[in-house]
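>>> can you look at this prediction? I've put the sequence above it.
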Amino acid sequence: MKNHVVHVSEIGRARRVAAPERAVPATGVLLDRLSRPLTDLRISVTDRCNFRCSYCMPKEVFDKDYQYLPHSALLSFEEITRLARIFATHGVHKIRLTGGEPLLRKNLEVLVEQLAAIRTPQGAPLDLTLTTNGSLLARKAEALKAAGLNRVTVSLDGLDDTVFRSMNDVGFPVAQVLAGIDAAHAAGLGPIKVNMVVKRGTNEQEILPMARRFRGTGVVLRFIEYMDVGATNGWRMDEVLPSAEVVARIAEEFPLAPLEASAPGETAQRWAYRDGGGEIGVISSVTQAFCHDCSRARLSTEGKLYLCLFASSGHDLRPLLRGDADDAQIASAIGHIWQGRTDRYSELRALRGPDTDAAAPRRVEMSYIGG
């Protein structure tokens, strides 16, 4: 699984998008072919990360020879903001900044300030969030909050330092991520969510310590099933610990009660501690697919639009953005793309089983478009 034949040009395939002849007016509601609205946009601001987690950016592939995107290929903050403003006219009201590790993008708070100024057609500000591994959060939290960021989600796969250092595969200490979470809380970036990817045989013993650590703190802990994202993480079904088992383990110590979804299209099933100690969530895209109400699109750091986390190709908006297309033409192009969407990979996987065909198109890597 050496990376010399795996480059971003392969894992980021996209069709060039031209200005459409037929206009798609931006009415604030855009539906795909399964009647799912476009409401959430996840924007990757960098394809780089300072961790080498085995389920996302394994070191054997993403080593010193790996070819990342050159800076000239990346969308500028102004280009990202222009696209975000256009997406908002179609009904997007939540934007999540991702990566790679988004805090590696220099002066990210400048982009946050630009995005925070966008308003929906109803005049409301966007729900502006960011997902981070927490390694740089302690030094960035105050500036991000001051720029207009609402909330953060921190990836943390265990509290045991040996387990955590092994999973991030660069020896990064868990204490510094916890310090980042504390800094985010102090800055008012909340409610904070902490995401733990659970990989059977690797960190499942950390489920209860994580629950004990964050119960009663106001932090919402979410457990994510290990997913078959991309083509480089060596995913196997026998390494998936079903979310139902995670819930059962926690409920043995802390009784739980189910909660209603917080919003349409919510990825997590929510559970409350019966004694009032807060809540947890489980994201079960392997064992309980939620494609039926997925309202998310993903924009790569160089302007390629993907309609599913498990997509094998996208739609390249950069030629329009850097050409002479006006906002209405770009909005129409986005409208045509979303109106043709039929993606429901996880539901189909549940019916046919995991991909085993070596000739199947390579899925885009999670580090390239965010989780």
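Great, that's in hand.

>>> my guess is residue 156 meets residue 194, correct?
Yes: taking contacts as CB atoms under 8 Å, residue 156 lies within contact range of residue 194: 5.2 Å. Heads up, the C-betas are built off the backbone N, CA and C, glycines and all.

>>> now the common contact residues for these two.
181, 210 (CB atoms under 8 Å, 6 or more residues apart in numbering).

>>> so which residues of this structure form helices?
Ranges of helices within the chain are 8-11, 77-89, 108-116, 137-147, 161-168, 174-187, 207-214, 243-253, 318-322, 327-339, 345-352, 366-369, based on DSSP state H.

>>> for the ones you listed, which one sits closest to residue 199?
Residue 199 lies closest to helix 161-168 among the helices of the chain, at 8.1 Å (CB to CB).

>>> give me the low-pLDDT residue ranges for this protein?
Residues of the chain meeting the criterion pLDDT under 70: 1-12, 227-235, 265, 290, 347, 349-363, 366, 371.

>>> ok, residue 287 - contacts?
225, 240, 242-244, 350.

>>> redo that, cut-off 6 Å
Residues in contact with residue 287, defined by CB atoms under 6 Å, 6 or more residues apart in numbering, are residue 242.

>>> ok, so what distance separates it from residue 204?
15 Å (CB to CB, to the nearest Å).

>>> repeat for residue 53
From residue 53 to residue 204 the distance is 16 Å (CB to CB).

>>> please identify which of the two sits among more neighbours.
residue 53 (22 against 17; other CB atoms under 10 Å).

>>> enumerate every residue touching the more buried one.
167-168.

>>> strands along the stretch 201-350 of the chain, start to end?
Counting by DSSP state E, counting those that start in this stretch, the stretch 201-350 of the chain has strands at residues 220-225, 256-258, 269-273, 279-283, 296-299, 304-306, 314-316.

>>> looking at the ones you listed, which is closest to residue 66?
strand 304-306 (18.5 Å).

>>> which other residues reach that closest one?
14, 298-299, 314-317, 369.

>>> which of the residues in it are buried?
304-306 (16 or more other CB atoms under 10 Å).

>>> ditto for stretch 245-254
245-247, 249-250, 254.

>>> nearest to residue 326 among those residues?
Taking those together and measuring to residue 326 by CB to CB, the closest member is residue 246, at 48.7 Å.

>>> I'd say the closest one and residue 223 touch.
Yes: between residue 246 and residue 223 a contact is recorded at 4.7 Å, counting by CB atoms under 6 Å.

>>> shared neighbours of those two, anything?
With CB under 6 Å, 6+ apart as the test, residue 246 and residue 223 both reach residue 282.

>>> in CSV, list the buried residues of strand 304-306 along with distance to residue 96.
Listed next are the buried residues of strand 304-306 as CSV, based on distance: CB to CB, whole Å:
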residue, distance to residue 96
304, 17
305, 15
306, 14
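
>>> pick out whichever of those residues sits closest to residue 280.
Distances from residue 280 to the buried residues of strand 304-306, taken by CB to CB, are shortest for residue 306, at 28.6 Å.
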